[in-house]
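>>> Sharing a model prediction with you, sequence too.
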Amino acid sequence: MPRLFTAIDTPPAVAAGLLHTLPVHRGVRPVPAGQLHLTLRFLGDQDEDSAARIGKALAGIQAPPLTMQVQGVGRFRGGQGAVLWAGLAHDDRLTALFDTIEAALADIGIARERRRFHPHLTVARCRPGLPEAVMRDWLAAQHDLTLPAWTAERFVLFESFLSPDGARHEPRAGYPLSASR
């Protein structure tokens, strides 16, 4: 069963800039540059019929290109360590795209996301034993991080393949963001 999610890719220069900020420590596992993305909606395991319906629903979405910009950093704590992330500047059009995707998926019977949409780029996963000072120092040093803006001209339906070495994400379909679609 395909494990699916929708996302917006991060340009290589932005990914490299973000990954360059990370602390070098064996307890910090950076996300591979080519896998750095903004998850719009995680869909989990879907059978092929559902995947086809999802693809068709997403193909009907019309939304303009988005201006995106990294702004600030943070972390999520969890029982298996922490996640370091970079925030994105607020953009009403990004929220509108998320809402449009949610509505298209709800129309085909996929329950809406319960959690509030929090646009971010996961840049690293941290092992539980990572000293608090390493994360705290990174958060303080990168608090005001801002990187050059870019234009997102598509979103993607990805399939995620899990392995002991981490997840690998492969695009199944891309959907253009265009002012005149």
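Yep, that arrived.
>>> now the one residue sitting closest to the centre of the chain, which residues is it bridged with?
Nearest to the mean C-alpha position of the chain, by CA atoms, centre = their mean, lies Leu38 at 2.3 Å. Per DSSP bridges, the residues bridged to Leu38 are Ile8, Leu121.
>>> Make sure it is actually in contact with Met68.
Yes: here Leu38 lies in contact with Met68, judged by CB atoms under 8 Å, at a distance of 7.4 Å. Backbone N, C-alpha and C define where each C-beta goes, glycine included.
>>> Quick check: neighbours shared by these two?
Applying CB atoms under 8 Å, 6 or more residues apart in numbering, one finds that Leu38 and Met68 are jointly contacted by 8, 88.
>>> if you average pLDDT over stretch 3-10, what comes out?
The average of the pLDDT scores along stretch 3-10 is 96.
>>> And the helices in the chain, which stretches?
Assigned helices in the chain, in chain order: 12-20, 48-59, 92-107, 132-142 (criterion: DSSP state H).
>>> okay, these in TSV with mean neighbour count next?
Listed next are the helices of the chain as TSV, based on neighbours: other CB atoms under 10 Å:
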stretch	mean neighbour count
helix 12-20	16
helix 48-59	15
helix 92-107	16
helix 132-142	14
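>>> The closest residue to Gly44 other than its chain neighbours and Glu159, how far apart?
What sits nearest to Gly44 in space, not counting adjacent residues and going by CB to CB, 6 or more residues apart in numbering, is Arg3, at 6.3 Å. Distance from Arg3 to Glu159, counting by CB to CB, to the nearest Å: 6 Å.
>>> cool, and His120?
His120 is 21 Å from Glu159, by CB to CB.
>>> Ok, Arg77 next?
Distance, Arg77 to Glu159, using CB to CB: 28 Å.
>>> okay, those two: which has more neighbours?
The neighbour comparison of Arg77 against Glu159 (other CB atoms under 10 Å) goes to Glu159, with 17 against 11.
>>> Name the nearest residue to that one, sequence neighbours excluded.
Closest residue to Glu159 apart from its sequence neighbours, by CB to CB, 6+ apart: Pro2 at 4.8 Å.
>>> can you tell me which residues contact the one you found?
Counting by CB under 8 Å, 6+ apart, Pro2 touches 45-46, 48, 51, 159, 172.
>>> go on, Gly174?
Contact analysis of Gly174 by CB under 8 Å, 6+ apart lists 154-157.
>>> Same check on Ala133?
Residues near Ala133 by CB under 8 Å, 6+ apart: none.
>>> Going forward, count from 770.
All right, first residue 770 from here; so that's Ala902.
>>> what's the first-to-last distance across stretch 795-814?
31 Å (CA to CA, to the nearest Å).
>>> Give the buried residues for that stretch.
For stretch 795-814, a neighbour-count test (16 or more other CB atoms under 10 Å) marks 796-800, 804-810, 812 as buried.
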